[in-house]
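> Predicted structure and sequence below. I'll ask about it afterward.
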Amino acid sequence: MPPSVVLCLAFQSLGVVYGDLGTSPLYVFKSTFANGGVRNEDDIIGALSLIIYTLTIIPLIKYVFIVLRANDNGEGGSFALYSLLCRYCNISALPNQHPSDAELTTYVVDNARRKTWIQRKLESSVLAQQVLLVIVLFGTCMVIGDGILTPSISVLSAVVGIKAASSSLDTNLVTGISCVILVILFSVQRFGTAKISVLFAPIFLVWFLSLACIGCYNIIKWEKSIFLAFNPLQIVHFFRRNGRQGWEHLGGIVLCMTGTEALFADLGHFSCRSIQIVFTSLVYPCLFLTYLGQAAYLVEHMEDVNDPFYSSLPSSIYWPIFVLATISAMIASQAMISATFSIVKQATALGCFPRVKVVHTSNNVAGQVYIPEINWILMVLCLCVTAGFRDTDQIGNAYGIAVVMVMIVTTLLMTLVIIIIWRKHFLLALLFLVVFASIEGIYVSAVLFKTTQGGWVPLVISVVFGTVMGTWHYGTLKRYQYEMQHKVSVGWLLGLGPSLGLVRVPGIGLMYTDLAHGVPPLFSHFITNLPAIHSTVVFVCVKYLPVNTVPQDERFLIRRIGSRAYSMYRCAARYGYIDLHKKDDNFEQLLIQSLISFVEIESMRESSGRESMAASWTPDQQPMEEATVPTTSTITPNRLQLQRMLRLHSLMGGGNSVGDGYSTQYSQTASNSVEMSANQECSIPNLSVNGSNSSSSPHPQDEVAFLNACKDAGVVYILGNNIVKARKDAGFFKKLVINYMYTFLRRISRDSSVVLNIPHECLLHVGMVYYV
């Protein structure tokens, strides 16, 4: 990436990534000494020492220098780490992998043949895979909780400055103003991260420089003894003096690193280098100075511990800084709101969150997205938290739990990344785990102590969203397993002959399925109830891979089902977790063009004497020389039932028996509706019983012309409108989850046709009941 682009992204990141970290000076000291107050000035020095080393160890060393390097091709967050582990350990949220997926240019797996013992354990143990997924979902829920609490505490901490200037103002007024600001904040999210960051970045640059100047002013004017805080022994003395109360103070100290996870979660909106540059050169020094300045003021004015930020301001700049702080608090919320959008998008792509509308807000940066449903849910919950607590102390207690829990999840995932992906020594990974998990574990013990004082909020949020995500993933997995167990045998399908015993009407039928292998049960259900199918059938599997993106020229994987006479194909449309189906993608045109390219390449390989690609894409299908079309004497009972049903509807005469001929010719019923001109070479030449050409190999232009004629006749999208129910012999828990919870989530989520941007006038729904 050119240096000019890096610097531009670095400047824009000021308006999105660092807002939460930048506004933490508004409430850290206040929340730290909220209960017992300050006993002596040494406690101020001890608390400052804790803040300095916490900022240095967690945000700077752990995240900026280590965690940011574990990005997945520029994407960050819990699901980015999870996708890395899935690729290297050959696991997936849904078991729809295909060997060809590993051939993608973005599917980078180093040292694939040299596997560690942890890799082998994850690959072989279903329990270990489930535990890993639960950890990731828990971290995701905490990020969402963080996105709810960040706007509440940031805006309320800034607006409370009005009350500091005039003590006669009512708390209800402060709460009301905060709620109005929150509504405005969430209302502008639809404009996108890029436009918001361009507007907010200059403001936050001024904010950080103001923090540094105010900090220097307080250091020079008040107390120089605060530099003793650089001695780590001050932390030891702090705990010796205060005992258990000092341990409780950690619940406020932890707020100095709020928003740190946004450095990693928002990585896809910018770049690793841009975030590192801004944090080390601007954010970290400015925060350092402002905490030193507040501590210097508090040493001389311990009675102002309830509002050290506004109390330490010179009176001449009070109101300008108040306005700047209020605006900055709005910007601070942007960091975790953007992170929430990113991580929900990733969770949706990997089948762990209900379908939602995802809007790309930038033509240049793929990771910049906006999700309307999540935006309004966050707004409502933020208003409830703000109006319910009306106090930053209790919101701070809740906030601390969400912040530290997310960090612990990142530490656990990073430990696996160090061993499996970076191939570092086990002792080095253990050192990383012990150092950072022990620090974060101490903070967790302190914030959990305040569960009854507001700390229950993120726990409730995580339980609710965790239930939603777990239910959706469980229901999706059961639905996929049903389709795998009831998929149509390719051998049985080929046994029906090229016409499939059906009326082959002109056009292309795109039948969507989750199956990466085999023919879905939806197909057999469709032809059983309506014994007619399009002259060209493509089974489309839209699958998301554990990569951030799939290049457009590698999007489609085409394979043929049977011989040319069947005119049936399998198409796997592969996407990364940041890719989107957009209306301007022209999916239909790209897919048909890929089909034509496949036909031409296949013909070239056959003419060069190489093995044909026909009927070789699925592991449950026999090789071409073995997958012969059976004669009439080998009709199976299922085929006899289909023939009886077709004759019952008078759509198949005795002379048009499925076993009598093998050409893709339309029946009289179909030919009456659509007639092909005599000079139009659009039929596929007859094939002999063993699947080879009866006379000579057809020219590829014949099949290409046939595909174009089918396209001109019309393209129909066939989607399953499935109802998933638990079997009658299922247990109470399974019936509750599938029949009620999963069904409710499917009802309120976006329809597949909307997510896939399928034209409504070309859509055909096929109803089917899955008993799982």
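Ah, there it is.

> those strands in the stretch 401-550 of the chain, which residues are they?
503-513, 532-544 (DSSP state E, counting those that start in this stretch).

> List the buried residues of the strand or helix carrying residue 248.
Using DSSP states H and E, residue 248 sits within helix 244-253. Residues 246, 248, 249, 250, 251, 252, 253 are the ones in helix 244-253 that count as buried (16 or more other C-beta atoms under 10 Å). (Each C-beta comes from the backbone N, C-alpha and C, glycine too.)

> Now do the contacts for the second one.
Translated: residue 248. 35, 446, 449, 450 (C-beta atoms under 8 Å, 6 or more residues apart in numbering).

> next one: residue 286
22, 208, 209, 211, 212, 215.

> And those, which is closest to residue 570?
residue 22 (51.7 Å; C-beta to C-beta).

> Could you report the neighbour count for that closest one?
26 (other C-beta atoms under 10 Å).

> Read off the pLDDT value for it.
pLDDT for residue 22: 88.

> any idea of the pLDDT on residue 627?
pLDDT, read off for residue 627, is 32.

> Give the ranges of residues in the stretch 301-450 of the chain that sit below the confidence cut-off.
For the stretch 301-450 of the chain, the stretches flagged by pLDDT under 70 are 335, 362-367.

> Now with 80, please.
Along the stretch 301-450 of the chain, segments meeting pLDDT under 80 span 329-336, 338-339, 360-369, 391-393, 450.

> residue ranges of the helices in it, please?
Assigned by DSSP state H, counting those that start in this stretch, the helices in the stretch 301-450 of the chain fall at 308-311, 318-349, 372-389, 392-420, 426-448.

> now the last one against helix 244-253, angle please.
Taking axes from the mean of the first three to the mean of the last three C-alpha atoms, to 10 degrees, one finds helix 426-448 and helix 244-253 inclined to each other by 100 degrees.

> Please tell me how far helix 426-448 is from the chain's geometric centre.
Chain-centre distance of helix 426-448: 26 Å, with C-alpha atoms, centre = their mean, to the nearest Å.

> which other helices and strands contact that helix?
With contacts taken as 3 or more C-beta pairs under 8 Å, 6 or more residues apart in numbering; DSSP states H and E, helix 426-448 sits against helix 244-253, helix 392-420.

> Tell me which of these approaches residue 341 most closely.
Closest among the helices and strands packed on helix 426-448, using C-beta to C-beta: helix 392-420, at 15.8 Å.

> in stretch 321-338, what counts as buried?
Neighbour count says stretch 321-338 has 321-322, 324-338 buried, by 16+ other C-beta under 10 Å.

> So what's the gap between that stretch and the chain middle?
With C-alpha atoms, centre = their mean, you get 25 Å for stretch 321-338.

> any idea how far the closest residue to residue 339 other than its chain neighbours is from residue 462?
Take residue 339 and drop its neighbours on the chain: the residue closest to it by C-beta to C-beta, 6 or more residues apart in numbering is residue 265, 3.6 Å away. For residue 265, the distance to residue 462 (C-beta to C-beta, to the nearest Å) stands at 16 Å.

> Mind checking which of those two has more residues around it?
Neighbours were counted for residue 265 and for residue 462 using other C-beta under 10 Å; residue 265 has more, 33 against 22.

> May I ask which helix or strand of this protein has the lowest mean pLDDT?
helix 668-673 (a mean of 33; mean pLDDT, DSSP states H and E).

> how about residue 287, what does it touch?
Going by C-beta under 8 Å, 6+ apart, residue 287 touches 21, 22, 24, 25, 55, 211, 256.

> err, residue 508, not the other one
Applying C-beta under 8 Å, 6+ apart, the residues contacting residue 508 are 534-538, 592, 707, 710-711, 713-716.

> Between these, which sits nearest residue 572?
After measuring these against residue 572 - C-beta to C-beta - the closest member comes out as residue 538, at 10.8 Å.

> what secondary structure does the nearest residue to the closest one once chain neighbours are set aside sit in?
Leaving aside its sequence neighbours, residue 538 sits nearest to residue 569 (C-beta to C-beta, 6+ apart; 4.8 Å). Classification of residue 569 by DSSP: H, G, I helix; E, B strand; the rest coil places it in strand.

> what's the neighbour count on residue 569?
24.

> let's number from 25 now, not from 1
Yep, numbering from 25; the last one is residue 593 now.

> From what I see, it and residue 565 are in contact.
No: contact between residue 593 and residue 565 fails when scored by C-beta atoms under 8 Å: they sit 11.4 Å apart.

> Where does residue 770 fall, secondary structure wise?
Residue 770 belongs to helix 767-772, assigned by DSSP H and E.

> circling back: switch the helices and strands packed on helix 450-472 over to TSV; also include distance to residue 137.
Formatted as TSV, these follow (distance: least, C-beta to C-beta, whole Å):
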stretch	distance to residue 137
helix 268-277	46
helix 416-444	14
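
> If you count neighbours, what's buried in whatever helix or strand comes next after the helix holding residue 770?
Counting by DSSP H and E, the next helix or strand C-terminal to helix 767-772 is helix 776-779. By 16+ other C-beta under 10 Å, the buried positions in helix 776-779 come out as 776, 777, 779.

> need the next SSE after helix 776-779, C-terminal direction.
Criterion used, DSSP H and E; the element after helix 776-779 is strand 787-795.

> Against which helices or strands is that next one packed?
Using 3+ C-beta pairs under 8 Å, 6+ apart, strand 787-795 is in contact with helix 480-509, helix 545-553, strand 739-749.

> Out of these, which gets nearest to residue 579?
Of all these, strand 739-749 comes closest under C-beta to C-beta, at 17.3 Å.

> contact partners of that closest one?
Residues contacting strand 739-749 (C-beta under 8 Å, 6+ apart): 499, 502-503, 506, 531-537, 544, 546, 550, 558, 612, 616, 762-763, 766-767, 770, 776-777, 782-783, 786-796.

> and residue 28, how many residues sit next to it?
Count around residue 28 with other C-beta under 10 Å applied: 8.

> what ranges of the stretch 25-174 of the chain fall below the confidence cut-off?
For the stretch 25-174 of the chain (pLDDT under 80), the answer is 25, 39-40, 58-61, 63, 116-123, 132, 134-138.

> And the helices in it, which stretches?
With DSSP H, counting those that start in this stretch as the criterion, the stretch 25-174 of the chain has helices spanning 27-37, 43-47, 52-56, 65-79, 102-113, 141-148, 150-189.

> Now render the ones you listed as CSV, adding distance to residue 249.
Listed next are those as CSV, based on distance: least, C-beta to C-beta, whole Å:
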stretch, distance to residue 249
helix 27-37, 36
helix 43-47, 26
helix 52-56, 16
helix 65-79, 7
helix 102-113, 42
helix 141-148, 49
helix 150-189, 26
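
> what's the closest of those to residue 429?
helix 150-189 (4.5 Å).

> in the closest one, what counts as buried?
153, 156-157, 159-188.

> Just the element for the residue lying closest to residue 184 once chain neighbours are set aside, please.
Ranked by C-beta to C-beta, 6+ apart and with sequence neighbours excluded, the top spatial neighbour of residue 184 is residue 198, at 5.8 Å. Assessed by DSSP H and E, residue 198 sits inside helix 195-211.
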